[in-house]
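J.: sequence and predicted structure below; questions after.
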Protein chains: 2
Amino acid sequence: MLQSLEIELTKTKKQQPPAEQLGFGNYYTDHMFIMNYEDGKGWNTPRIVPYQPIVLDPAAKVFHYGQTIFEGLKAYKTDDGRVLLFRPHKNIQRMNRSNERLSVPELIIDDAIEALKQLLAVDQNWIPTAPGTSLYIRPFIIATQPQLGVAPSTHYQFIIIMSPVGAYYTEGVNPVKIFVESEYVRSVKGGVGEAKTAGNYAAGLKAQEIAKEKGYSQVLWLDGVHRKYIEEVGSMNVFFKINGIVHTPALNGSILDGVTRNSIIQLLNHWNITVEERPITIEELYEANRKGELEEAFGTGTAAVISPIGELNWQGEVLVINEGRTGELSKKLYDTLTGIQMGKIADPFGWMVEATGIRV
Amino acid sequence: MLQSLEIELTKTKKQQPPAEQLGFGNYYTDHMFIMNYEDGKGWNTPRIVPYQPIVLDPAAKVFHYGQTIFEGLKAYKTDDGRVLLFRPHKNIQRMNRSNERLSVPELIIDDAIEALKQLLAVDQNWIPTAPGTSLYIRPFIIATQPQLGVAPSTHYQFIIIMSPVGAYYTEGVNPVKIFVESEYVRSVKGGVGEAKTAGNYAAGLKAQEIAKEKGYSQVLWLDGVHRKYIEEVGSMNVFFKINGIVHTPALNGSILDGVTRNSIIQLLNHWNITVEERPITIEELYEANRKGELEEAFGTGTAAVISPIGELNWQGEVLVINEGRTGELSKKLYDTLTGIQMGKIADPFGWMVEATGIRV
Ligand SMILES: Cc1ncc(COP(=O)(O)O)c(C=O)c1O
Ligand SMILES: Cc1ncc(COP(=O)(O)O)c(C=O)c1O
């Protein structure tokens, strides 16, 4: 179906911002990909067009009932000029799992991957190359039917936009302080927590604001039923190194199946470091710390890759991890994964997908 | 601030559909209200314009993080031509509570009410008058800042659109069959269940689809923690008449504080019928039924006003209520409330607000 892709190039290229100014999600490339869906007709009319506003009826279901899905992945340009995508199939597969949960029609995976590659080919000069920078890619689907009944939409748009993003750590990898949330809940078993859908993020804003006011950069969510099992951080999965073994919450239906999480587990296995995926209570962490066994903690996600956790605050009880410094394993994981992503070190897992041969 | 309201009238009035064709949320009036919000500047630039598409950057936060709030209320035209709104302050107050939960800036209540009235004045000829019809009003707020960081938006739009809606019951009030959901969960304490925000509705689509396939028109949600307390139906609160006493789930943080629910409680009090707001388990209903004490069940909401429940299905166990017929109390509540709303019977509570004196 992507054979019928139409490409309309922009006549007015934007000025590209300098690497220091980038930040996250502030600037967008010259083009975007769009494809429509209509019940009975399927996905149709794939096109790459100049980056432009979306025009929707005010009754479009996305505004009212939040039927929308998104993904986030990155592209990198290597020193020898190759364009690499990190595990794009994982993201599109996850998108389809999210679609299924939210009654959104599934994508044809190969078409979606092809769309990513084609858009990248058109805007590859937007991939920044300064250390730590990359091109963040945001595929998303919105329900566009202008109808106020609470029911799945008959019409959708699949859109891909891309944003050059700055180095997450400007002065070396730095541990963050995390607030363990006891009042607000992000998701619960039976809900949509494992889907990458808008409502999960809206639900987290309030707690995040309160944590920020208290001097914490993110929230660590606990489960909504017992309020004691560790779930995940705002947009990261979490790992804890206790007594030489690495622990991470099992995929339980209410947390995201992170691509970085999955990659970290593979890397650790590859290094013969034991990883346990299981329910982990917050008490357990504090207990391990009291015994001097909590060695490292870190979050994993596309934006920061690895984010060491230097401090937790659970109901006022502060837990400092590894004296607030980046742990050895966290550092090694960060260097290895970013090295693979930038094409600087070998990729034994075949994670990187080159976007080639489709220059316009 | 609404003093600076600008009104641009349409040059091409739409043809109004006949009453039988209306349905729910399919047609929109000639105009809409819009107002912008910007951090540091507050709500500004209120305007009534011809009904038209919303134009947003593809990175607008509403598409990605679902920071959006909505309301739903109705306007009626009386036989003597007055335009009545049903308890509009309740809806705008609830909107502000939703805003607070979702980190959306609050509205100035009087301005929002004034906006409703002004828009109604402009499009009052769109209020249908056939029995059972009304004008459904949908105020909503969307986050418009084009920025992909997960944080509250700096920019918003508050929009009001209006839709003439058909009679909910075309052949008299009719009981519905409801599926009691055991697998999927809509919301949990600590979440956003009591806010009228998009994500809650997206989260319910899947279960609703499955229930529809099984021949049930809606889902009755159970609480996400114990999976036994009754919450609410898709877009209705629920009431049960057991042994002469009316029971309804207490407002617990995960269900909506329905305006119809509140009105029904007031009406019942007025009639000296005891109402208990408390946690109600699903077992309890089945038990009451076995003892022959479950007399009536009904849902309450703006769309249907009162929707008698004729059958429940909980894990395959079917419970038929009042032989599947509309109960006496349900009927009386329906007749009274719709009578007040249509201006046909006295309004002892001062619920109806006349939108007068502002004809354009
Ligand atoms: C809720 C949530 N958890 C975890 C992650 C990490 O997932 P990934 O490693 O695929 O970026 C993200 C970000 O994508 C997220 O939004
Ligand atoms: C989830 C939910 N519960 C209950 C209701 C009933 O509320 P109201 O009576 O204010 O319409 C609605 C509809 O508005 C709703 O969406």
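T.: Yes, it's here. Ligands and ions are numbered 1, 2, ... in the order given.
J.: helix, strand or coil for A:Thr326?
T.: Classification of A:Thr326 by DSSP: H, G, I helix; E, B strand; the rest coil places it in coil.
J.: what is the neighbour count of the nearest residue to it once chain neighbours are set aside?
T.: In space, and not counting its chain neighbours, A:Thr326 is closest to A:Pro308: 4.4 Å by CB to CB, 6 or more residues apart in numbering or on different chains. Every residue, glycine included, has its C-beta placed from N, CA and C. By other CB atoms under 10 Å in any protein chain shown, the residues close to A:Pro308 number 25.
J.: ok, now the one 5 residues further on?
T.: Counted by other CB under 10 Å, the residues lying close to A:Asn313 total 17.
J.: only alpha carbons, please: show the helix or strand that it is a member of as PDB.
T.: A:Asn313 is part of strand A:305-314 when elements are defined by DSSP states H and E. Output in PDB follows, covering the C-alpha atoms of strand A:305-314 (Å, rounded to 0.1, in the frame of the first residue of the first chain):
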ATOM      1  CA  VAL A 305      18.100   5.800  27.700                       C
ATOM      2  CA  ILE A 306      19.400   5.300  31.300                       C
ATOM      3  CA  SER A 307      18.500   7.600  34.100                       C
ATOM      4  CA  PRO A 308      20.200   6.800  37.400                       C
ATOM      5  CA  ILE A 309      18.100   7.300  40.500                       C
ATOM      6  CA  GLY A 310      20.000   9.000  43.300                       C
ATOM      7  CA  GLU A 311      17.100   9.400  45.800                       C
ATOM      8  CA  LEU A 312      13.700   8.200  46.500                       C
ATOM      9  CA  ASN A 313      11.100   9.800  48.800                       C
ATOM     10  CA  TRP A 314       8.300   7.600  50.000                       C
END
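J.: show the pLDDT at A:Ala355.
T.: Among the per-residue scores, A:Ala355 holds a pLDDT of 88.
J.: quick check: it touching A:Leu119?
T.: No: with contact defined as CB atoms under 8 Å, A:Ala355 does not reach A:Leu119; the gap is 9.3 Å.
J.: who has more neighbours out of those two?
T.: More crowded of A:Ala355 and A:Leu119, by other CB under 10 Å: A:Leu119, with 25 against 22.
J.: and the more buried one, what helix or strand is that in?
T.: With DSSP H and E as the criterion, A:Leu119 is inside helix A:109-122.
J.: in terms of secondary structure, what does that helix contact?
T.: Helix A:109-122 sits against strand A:31-38, strand A:42-50, strand A:83-86, helix A:88-101, strand A:134-143, strand A:155-165, with contacts defined as 3 or more CB pairs under 8 Å, 6 or more residues apart in numbering or on different chains; DSSP states H and E.
J.: buried ones in stretch A:53-61?
T.: For stretch A:53-61, the neighbour count (16 or more other CB atoms under 10 Å in any protein chain shown) marks A:Ile54, A:Leu56, A:Asp57, A:Pro58, A:Ala59, A:Ala60, A:Lys61 as buried.
J.: dump the residues you listed into JSON lines; add secondary structure and pLDDT as well.
T.: Putting the buried residues of stretch A:53-61 into JSON lines (DSSP: H, G, I helix; E, B strand; the rest coil; pLDDT from 0 to 100) gives the following:
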{"residue": "A:Ile54", "secondary structure": "strand", "pLDDT": "98"}
{"residue": "A:Leu56", "secondary structure": "strand", "pLDDT": "98"}
{"residue": "A:Asp57", "secondary structure": "coil", "pLDDT": "98"}
{"residue": "A:Pro58", "secondary structure": "coil", "pLDDT": "98"}
{"residue": "A:Ala59", "secondary structure": "coil", "pLDDT": "98"}
{"residue": "A:Ala60", "secondary structure": "strand", "pLDDT": "98"}
{"residue": "A:Lys61", "secondary structure": "helix", "pLDDT": "98"}
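J.: which residues does A:Ala130 contact?
T.: Listed by CB atoms under 8 Å, 6 or more residues apart in numbering or on different chains, the contact set of A:Ala130 reads A:Ala19, A:Ala167.
J.: ok, it to ligand 1 distance?
T.: 21 Å (CB to the nearest ligand atom, to the nearest Å).
J.: next: A:Arg325.
T.: Counting by CB to the nearest ligand atom, the gap from A:Arg325 to ligand 1 is 23 Å.
J.: would you list the phi and psi of the closest residue to A:Leu148 other than its chain neighbours?
T.: Once flanking residues are discounted, A:Leu148 sits nearest to B:Gly25: 2.7 Å by CB to CB, 6+ apart. Backbone torsions for B:Gly25, taken as degrees, to the nearest 10, come to phi 70, psi 30.
J.: if I pick B:Gly25, what's in contact with it?
T.: A:Ala59, A:Gln147, A:Leu148, A:Gly149, B:Tyr136, B:Arg138, B:Ser163, B:Val165.
J.: circling back to that earlier point, what are the bridge partners for the residue nearest to A:Thr326, then?
T.: A:Phe298 (DSSP bridges).
J.: surely it meets A:Gly327?
T.: Yes: counting by CB under 8 Å, A:Pro308 sits close enough to A:Gly327 to count as a contact (6.2 Å).
J.: shared neighbours, these two?
T.: A:Glu296, A:Ala297, A:Phe298.
J.: before we move on, the earlier item: what angle separates the helix holding A:Leu119 from strand A:155-165?
T.: Between helix A:109-122 and strand A:155-165, the angle comes out at 40 degrees (axes from the mean of the first three to the mean of the last three CA atoms, to 10 degrees).
J.: any idea of the mean pLDDT for helix A:109-122?
T.: On average, helix A:109-122 scores 96.
J.: buried sites along that helix?
T.: For helix A:109-122, burial by neighbour count (16+ other CB under 10 Å) applies to A:Asp111, A:Ala112, A:Ile113, A:Glu114, A:Ala115, A:Leu116, A:Lys117, A:Gln118, A:Leu119, A:Leu120, A:Ala121, A:Val122.
J.: got the CA coordinates for it in CSV?
T.: Output of helix A:109-122 as CSV, limited to C-alpha atoms (Å, rounded to 0.1, in the frame of the first residue of the first chain):
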residue,chain,number,x,y,z
ILE,A,109,3.6,-3.2,10.3
ASP,A,110,5.7,-3.2,7.2
ASP,A,111,3.9,-0.2,5.9
ALA,A,112,4.4,1.7,9.1
ILE,A,113,8.1,0.9,9.1
GLU,A,114,8.4,1.9,5.4
ALA,A,115,6.6,5.2,6.3
LEU,A,116,9.2,5.9,9.0
LYS,A,117,12.1,5.2,6.6
GLN,A,118,10.6,7.3,3.8
LEU,A,119,10.0,10.3,6.1
LEU,A,120,13.5,9.9,7.5
ALA,A,121,14.9,9.8,4.0
VAL,A,122,13.2,13.1,3.2
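J.: identify the residues contacting that helix?
T.: So helix A:109-122 is in contact with A:1-2, A:5, A:7, A:9, A:30-33, A:35, A:43, A:46, A:48, A:75, A:83, A:85, A:88-89, A:92-93, A:95-96, A:127, A:135, A:137, A:139, A:158, A:160, A:162, A:353, A:355, A:358-360, going by CB under 8 Å, 6+ apart.
J.: which of these count as buried?
T.: The neighbour-count criterion (16+ other CB under 10 Å) marks A:2, A:5, A:30-33, A:35, A:43, A:46, A:48, A:75, A:83, A:85, A:88, A:92-93, A:95-96, A:127, A:135, A:137, A:139, A:158, A:160, A:162, A:353, A:355 among the contacts of helix A:109-122 as buried.
J.: can you name the residue of the stretch 251-360 of chain A nearest to ligand 2?
T.: Of all residues in the stretch 251-360 of chain A, A:Ser254 sits closest to ligand 2, at 20.7 Å by CB to the nearest ligand atom.
J.: with chain A instead?
T.: A:Val150 (7.7 Å).
J.: excluding chain neighbours, what is closest to that residue?
T.: Using CB to CB, 6+ apart, the closest residue to A:Val150 is B:Tyr201 (5.4 Å).
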